[in-house]
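1. 3D model of this:
(2 chains)
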Protein chains: 2
Amino acid sequence: MMSPRKQTLKFDKPVYIESTGTAVGPMEGAGPLRHTFDQAYDNLYCGEDSWELAERRLMQDAIEHCLKKVHVETERVSFMIAGDLLNQNITANYVARALGIPFLGTFSACATSMETLAVGSIIVHGGFAQRVITATSSHYATAERQFRQPTEFAKQKPDSATYTVTGAGAALVSNRPSKVRIESATIGHVVDYGLKNPLDLGSAMAPAAAHTIVTHLEETDQQVDDYDLIVTGDLSRIGSGILRKLLEEKRVMFKRNYDDCGVMIYSMDQPVFAGGSGAACSAVVSYGYIFEQMKKGKLKKVLIVATGALLNPMMIQQKETIPCIAHAVSLRAEV
Amino acid sequence: MMSPRKQTLKFDKPVYIESTGTAVGPMEGAGPLRHTFDQAYDNLYCGEDSWELAERRLMQDAIEHCLKKVHVETERVSFMIAGDLLNQNITANYVARALGIPFLGTFSACATSMETLAVGSIIVHGGFAQRVITATSSHYATAERQFRQPTEFAKQKPDSATYTVTGAGAALVSNRPSKVRIESATIGHVVDYGLKNPLDLGSAMAPAAAHTIVTHLEETDQQVDDYDLIVTGDLSRIGSGILRKLLEEKRVMFKRNYDDCGVMIYSMDQPVFAGGSGAACSAVVSYGYIFEQMKKGKLKKVLIVATGALLNPMMIQQKETIPCIAHAVSLRAEV
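-> Reported below is the predicted structural model:
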């Protein structure tokens, strides 16, 4: 007999986040989490000639900060697992070219952050590598041009829109015991409630987050209260309200231990509509603020639920709805 | 001390290809391997209203054929690992939505076929699942429009161009012993020799294939002669000639045991320029003809080296060169 399908991978052998690195743009560097980032640029070009090059710079910076903190050379990293929002994953591809690390490209839209961490964990857990670097990025201007309109059009947006985080986050997954252990990963399935508005992705993604959270808790036999913090990636103010309601219907009640990276990264007076989004949103908040709090022992157990809208402009033109996915990774501080 | 970096993952626990499935378009169905495909459509629309829907149809067909042959319901498949060439991996995303299997999106351009097989193998090897479905696809018309010009422009092409295979291939990776065992996977790193011509990808990809083949043989302590067949994914006639020369410089000499899926899939009198390409090229040849030959015991040991040009039209416009990658999977018949 086959056992029933399990979406959660439990890591019973040592898998740790040995180090993290982050680099962000000006809006994030002016936000409430500014002191938790390794680097913040004061304009969107990040010293480069194009926005695509800027995003590439951010991912490379994040990886370099990550490795430098623990004095690990790139030659000692076995694999790079990375992805981003740009067509053909160009940020990750060209950074992988620069670093020369054997490379697996991944894509789950803004859930790519936790997909890379999950795949990296599986490889380390399997004994195939001692160290794997995982990374993801996004950039306000590259994302607007590709998914909506070029920013030069200055098109007005509704309050349901989000502001794509400019930044990149990297995590070094390792079998060497350190302060933050990766306990498990729950791989989401595609959920589509029929929404079509690319200016309200929080609402589209909330059901995927709800599915993954409920599955994770069920399969690991845990309650919401077992976590000091459950964060979603980029549901923003609107999507996170919908998530609360969807979970209440399933009798899963958040108390004060829920937040959303897209809400955390900006202050209320910043012009970001409903909050932050993008693959970097969950990455820089998790690998900056959350990782710091865990190392200090202020957060013991955290579930990061990265949310992705698998949005494609041509599919929207062809009247399709937006499929969404959420991948979760559970972290525990061993301090 | 850290051990030196190893790009090859050796699967010492049982990991098998339990079943495969293929579906192709009209050009492939008229080629020399036509009897090895599960299904061939007589036109590029495959009974759908758009080329994007046609490609989606092909991937879903391939997966359905694959599962049906071994009477496995989708509910009994733990994860789906898939990717394609279209922006945001839309073929894989929407098929994953239709099937409801927990999903990890992957992208290595035309090397996606072996990336999905490698990642699926790692998950099964780790004991996280009994069965994982892997799939990839490409379509002549969707690829031309996205990467070059819409086919309606009828732009003439040089002989170095290739013809994107319309099709999809799926493999069911399982821990149940069957006739074809997955021995190991070698994950490539990005190689870029400075080529910029999107109408000669075979030349651009050959160095990546050479690197991965040499690394695989070194790390597994094997010679070319240990394989009955080494196939590259889609180097076509021009790229495979370059590969031979690059390998000769490293004293690796192919005899009669080398071929290229892009050369095998079409006959010389078909109008396909230098041969076939696309993520489906290596997938349908491997999961059709090669898998059949292995099950019959006619091929005992095969190395499939999927080659990918990480081409992005905007990067070419920005004067960038084309980064390439190759991932290899080693198969052994246990018959």
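2. which bits of the stretch 151-300 of chain A sit near chain B?
-> For the stretch 151-300 of chain A, the residues in contact with chain B (Cβ under 8 Å from any Cβ of the partner chain) are A:187, A:188, A:189, A:190, A:192. The way it works is simple: take the backbone N, C-alpha and C, and place the C-beta from them, glycine included.
3. the second one: neighbour count?
-> Right, residue A:188. 30 (other Cβ atoms under 10 Å in any protein chain shown).
4. correct me, but it touches residue A:210?
-> No: Residue A:188 is beyond contact range of residue A:210, at 10.4 Å (criterion: Cβ atoms under 8 Å).
5. ranges for the helices of chain A?
-> Ranges of helices in chain A, per DSSP state H, are A:26-29, A:51-69, A:90-99, A:112-125, A:140-147, A:201-219, A:236-249, A:261-264, A:279-285, A:291-295, A:313-317.
6. looking at these, which is buried most?
-> With neighbours taken as mean count of other Cβ atoms under 10 Å in any protein chain shown, the helices of chain A reach their highest mean count in helix A:279-285, at a mean of 37.
7. mean confidence score for it?
-> Predicted confidence along helix A:279-285 averages 98 (mean pLDDT).
8. can you list the residues that contact it?
-> A:22, A:24, A:28, A:33, A:37, A:58, A:83-85, A:109-114, A:135-139, A:164-170, A:231-234, A:261-262, A:264-265, A:304, A:306-308 (Cβ atoms under 8 Å, 6 or more residues apart in numbering or on different chains).
9. what distance separates the start and the end of stretch A:263-283?
-> 14 Å (Cα to Cα, to the nearest Å).
10. swap in stretch A:265-272?
-> End-to-end span of stretch A:265-272 (Cα to Cα): 10 Å.
11. show me which residues of it are buried.
-> By 16 or more other Cβ atoms under 10 Å in any protein chain shown, the buried positions in stretch A:265-272 come out as A:265, A:266, A:270, A:272.
12. of the residues of the stretch 151-300 of chain A next to chain B, which is the most crowded?
-> residue A:187 (32 neighbours).
13. what's the closest non-adjacent residue to it?
-> For residue A:187, ignoring the flanking residues on the chain, the nearest one in space by Cβ to Cβ, 6 or more residues apart in numbering or on different chains is residue B:102 at 4.3 Å.
14. the one you found and residue A:185 touch, don't they?
-> No: contact status for residue B:102 versus residue A:185: not in contact, 10.6 Å apart, counting by Cβ under 8 Å.
15. identify whichever of the helices of chain A lies nearest to residue B:221.
-> Ranking the helices of chain A by proximity to residue B:221 (Cβ to Cβ) places helix A:112-125 first, at 21.9 Å.
16. what are the structural domain limits within chain A?
-> Residue ranges for the domains of chain A, per the TED database: A:8-174, A:182-333.
17. turn these into a markdown table, columns for distance to residue B:74.
-> Formatted as a markdown table, those follow (distance: least, Cβ to Cβ, whole Å):
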| stretch | distance to residue B:74 |
| --- | --- |
| domain A:8-174 | 19 |
| domain A:182-333 | 11 |
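18. which one of those lies closest to residue B:291?
-> If you check each of the domains of chain A against residue B:291 by Cβ to Cβ, domain A:8-174 wins as the nearest, at 23.4 Å.
19. for the record, mean pLDDT for that closest one?
-> Average pLDDT, domain A:8-174: 97.
20. and that domain, end to end?
-> One end of domain A:8-174 to the other measures 20 Å (Cα to Cα).
21. now do that domain: distance to the chain's middle.
-> Domain A:8-174 sits 8 Å away from the centroid of its parent chain (Cα atoms, centre = their mean, to the nearest Å).
22. do the same with stretch A:226-240
-> 12 Å.
23. please apply the same query to stretch A:198-205.
-> 16 Å.
24. got a list of contacts for it?
-> With Cβ under 8 Å, 6+ apart as the criterion, stretch A:198-205 contacts A:110, A:147-148, A:157-158, A:160-162, A:193, A:195, A:197, A:234-240, A:242, A:262, A:274-275, A:277, A:307-309, A:311, A:313, A:316, A:322, A:324, A:326.
25. what do you get for stretch A:42-62?
-> Taking Cβ under 8 Å, 6+ apart as the rule, stretch A:42-62 contacts A:21-26, A:29, A:38-39, A:41, A:82, A:84, A:86, A:90-92, A:94-95, A:98-99, A:135-142, A:145, A:166-170, A:280, A:287, B:314-315, B:318.
26. mind redoing it with 6 Å?
-> The contact list for stretch A:42-62, computed with Cβ atoms under 6 Å, 6 or more residues apart in numbering or on different chains, reads A:21-23, A:25-26, A:39, A:91, A:94-95, A:135, A:137, A:139, A:141-142, A:167-170.
27. about what we covered before: out of the helices of chain A, which comes closest to residue B:128?
-> helix A:112-125 (7.0 Å).
28. show me what that closest one is packed against.
-> Packing partners of helix A:112-125 (3 or more Cβ pairs under 6 Å, 6 or more residues apart in numbering or on different chains; DSSP states H and E): strand A:79-84, strand A:131-138, strand A:167-174, helix A:279-285, strand A:301-309, strand A:324-333.
29. now the angle from that helix to strand B:79-84?
-> Helix A:112-125 runs at 120 degrees relative to strand B:79-84, counting by axes from the mean of the first three to the mean of the last three Cα atoms, to 10 degrees.
30. doesn't residue A:129 make contact with residue A:78?
-> Yes: in terms of Cβ atoms under 6 Å, residue A:78 counts as a neighbour of residue A:129; the distance is 3.5 Å.
31. any idea how far residue B:307 is from the residue nearest to residue A:194 when sequence neighbours are not counted?
-> Leaving aside its chain neighbours, residue A:194 sits nearest to residue A:321 (4.9 Å; criterion: Cβ to Cβ, 6+ apart). As for residue A:321, its distance to residue B:307 is 35 Å (criterion: Cβ to Cβ, to the nearest Å).
32. neighbour count winner among those two?
-> residue B:307 (38 against 16).
33. separation between that one and residue A:240?
-> From residue B:307 to residue A:240 the distance is 43 Å (Cβ to Cβ).
34. which residues touch residue A:14?
-> A:175, A:177.
35. same question but for residue A:113, I mixed them up
-> When contacts are counted by Cβ under 6 Å, 6+ apart, residue A:113 is found next to A:136, A:279, A:282, A:283, A:306.
36. for residue A:268, give me its contacts.
-> Applying Cβ under 6 Å, 6+ apart to residue A:268 gives no contacts.
37. pLDDT at it, what is it?
-> pLDDT, residue A:268: 94.
38. with residue A:242 instead?
-> The score at residue A:242 is 97. That number is its pLDDT.
39. can you tell me the closest non-neighbouring residue to it?
-> Among residues not flanking residue A:242 along the chain, residue A:206 sits closest, at 3.9 Å (Cβ to Cβ, 6+ apart).
40. distance of that neighbour relative to residue A:189?
-> When residue A:206 is compared with residue A:189 (using Cβ to Cβ), they lie 15 Å apart.
41. can you check residue A:157 too?
-> 30 Å.
42. got it, and residue A:207?
-> 11 Å.
43. what sits in contact with each of those two?
-> Counting by Cβ under 6 Å, 6+ apart, residue A:207 and residue A:189 have no common neighbour.
44. thanks a lot, see you next time.
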